[in-house]
Structures are given as structure tokens and as C-alpha cells.
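K.L.:
Let's see this in three dimensions:
(chains A and B)
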Amino acid sequence: QVQLQESGPGLVKPSETLSLTCVVSGYSISSGYYWGWIRQPPGKGLEWIGYVFHTGTKYYKPSLKSRVTISVDTSKNQFSLKLTSVTATDTAVYYCARAPDQWGQGTLVTVSS
Amino acid sequence: DIQMTQSPSTLSASVGDRVTITCRASQSISSGLAWYQQKPGKAPKLLIYKASSLENGVPSRFSGSGSGTEFTLTISSLQPDDFATYYCQQYNSYSWTFGQGTKVEVK
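P.N.:
Model prediction:
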């Protein structure tokens, strides 16, 4: 059974960097699928941030590309998100996912001083 | 980015009703479309992929159809557990995008 679990700070100050990690169990990241991050501002819809293919090819949402980095650590079977220069508009529940079928439970990140 | 437009935004229905949600793409996405169900405080759950393929374990009352730019999600007989928000998502292009969501509420 595949499981994904997000972890990271729940509060980030404006202009700082948001960092989250997704630990995957029950499936090897290097075996296949796309692995990515989605966010959902409170009361709003879903937005893909970016994803990485198991071969290492990455794609980022164009409007976030200058601030986003997704990295993969196959030795730990996990992948990470870094979003720099955050503002209040980056406040959201952040989900990691194995596209399209498995999602983590999500973690709320609030950007506030 | 390819824009995905769902209609309606809100749908009021009763248990047993047949429910249809539409998703339109701003350009052709072939069959690169998924449907998700989301309940409050929970992660989205995959229902349909490749426009019409039912995900394992999803009840057969859910079905998807369409290709190109117009797609539908149908619930043949609405059950109490189906009151939720539904999202379409295209993955035909590199830039994946979701529709804005359709909330199915109790009439």
C-alpha cells in the first residue's frame, strides 16, 4: 500500500523559504510515476506547483518557476519542495502526490510574521 | 496554460438523482483528463483517469466520458457519501491544470 506523508514547518515568515518533504512508503520513487506537489489556499481550488518524473525530468508551473525547486532523494525514497520569497498568498494546504492516484494527507503552511 | 472550466460551480441534488458535471478545456487535451472527489479537510481522491477509466475501488455509479475539449462526470444515482466537491484536471500538456471545482450539495 503506497503512502505519502508531508512534513515541514507550519509557519513561515514572509520573504523566507518554505521547505517541505514527502516521505514515500510502499513504492520506490525510482520505479515509475510522476511525483509532485499541489497546493490549495484556504477555501479555494487546487493548483499544481510542479512534478518530477521517475527519470528525473522536472516541470514547474510557469508562474512559480522562478521560486520553486523540487528535488528527489532516492536513497531515502522521498522528495522535497522549496518555495522561496514567500508571501501571504502562498498560505495553503500543501499536498504531495504520486500522480494521479495517491496523495498525502496535506499540511497547512501559513505565511505570517 | 490550458484553462479548465467546470460547470456548474454548485449543484443542488437529492439522494438518488442522476448528476452530471461538465469540464471544458481551452484547447484539445485528447483523453488526458482525471476527475477527483474532495471532502472537507481531506485530500482529493481519484475517481476517473484517461477521461473514462474507473479507478480501482471506485463505485460503478461514477462514470466519465468525453475527449478533445468537452468532458463529463456522471453519478448515476447520488448516494449520501457523494456530497463533496469534484475537480477535473488535465494532464495532456506539461502544465497540468485543475478546473475550479463543482460542489455537490444537498437540495
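K.L.:
Find the centremost residue of the chain, please.
P.N.:
Defaulting to chain A. For chain A, A:Trp37 is the residue whose C-alpha lies nearest the centre (Cα atoms, centre = their mean; 3.3 Å).
K.L.:
wait, chain B
P.N.:
With distances taken as Cα atoms, centre = their mean, B:Trp35 lies nearest the centre of chain B, 3.8 Å away.
K.L.:
Next one: it from chain A, what distance?
P.N.:
10 Å (Cβ to the nearest Cβ, to the nearest Å). Every C-beta, even on glycine, is put in place using the N, C-alpha and C of the backbone.
K.L.:
The residue nearest to the centre of chain A reaches A:Leu81, doesn't it?
P.N.:
Yes - in this structure, A:Trp37 is within contact of A:Leu81 by Cβ atoms under 8 Å, at 4.7 Å.
K.L.:
Just want the residue of chain A that's nearest chain B.
P.N.:
A:Trp103 (4.0 Å; Cβ to the nearest Cβ).
K.L.:
And that residue, how far from A:Gln3?
P.N.:
A:Trp103 sits 10 Å away from A:Gln3, going by Cβ to Cβ, to the nearest Å.
K.L.:
Compare those two (neighbour count), which wins?
P.N.:
A:Trp103 (21 against 13; other Cβ atoms under 10 Å in any protein chain shown).
K.L.:
For beta bridges, what are the partners of the more buried one?
P.N.:
Beta-bridge pairing for A:Trp103 (DSSP bridges): A:Ala97.
K.L.:
list the contacts for the residue located most distally from the centre of chain B?
P.N.:
Residue farthest from the centre of chain B, counting by Cα atoms, centre = their mean, is B:Tyr94 at 20.1 Å. For B:Tyr94, the contact set (Cβ atoms under 8 Å, 6 or more residues apart in numbering or on different chains) comprises A:Tyr59.
K.L.:
and it, what pLDDT?
P.N.:
You'll see B:Tyr94 listed with a pLDDT of 87.
K.L.:
would you say it is within a helix?
P.N.:
No - under the criterion used here (DSSP: H, G, I helix; E, B strand; the rest coil), B:Tyr94 is coil, not part of a helix.
K.L.:
Tell me the spacing between it and B:Thr85.
P.N.:
In this view, B:Tyr94 and B:Thr85 are 26 Å apart by Cβ to Cβ.
K.L.:
Check A:Glu47 too.
P.N.:
Separation of A:Glu47 from B:Thr85 (Cβ to Cβ) stands at 15 Å.
K.L.:
so what strands line up beside the strand or helix carrying A:Val109?
P.N.:
In the assignment (DSSP states H and E), A:Val109 maps to strand A:107-111. With DSSP bridges as the test, strand A:107-111 is paired with strand A:11-12 (parallel), strand A:92-99 (antiparallel).
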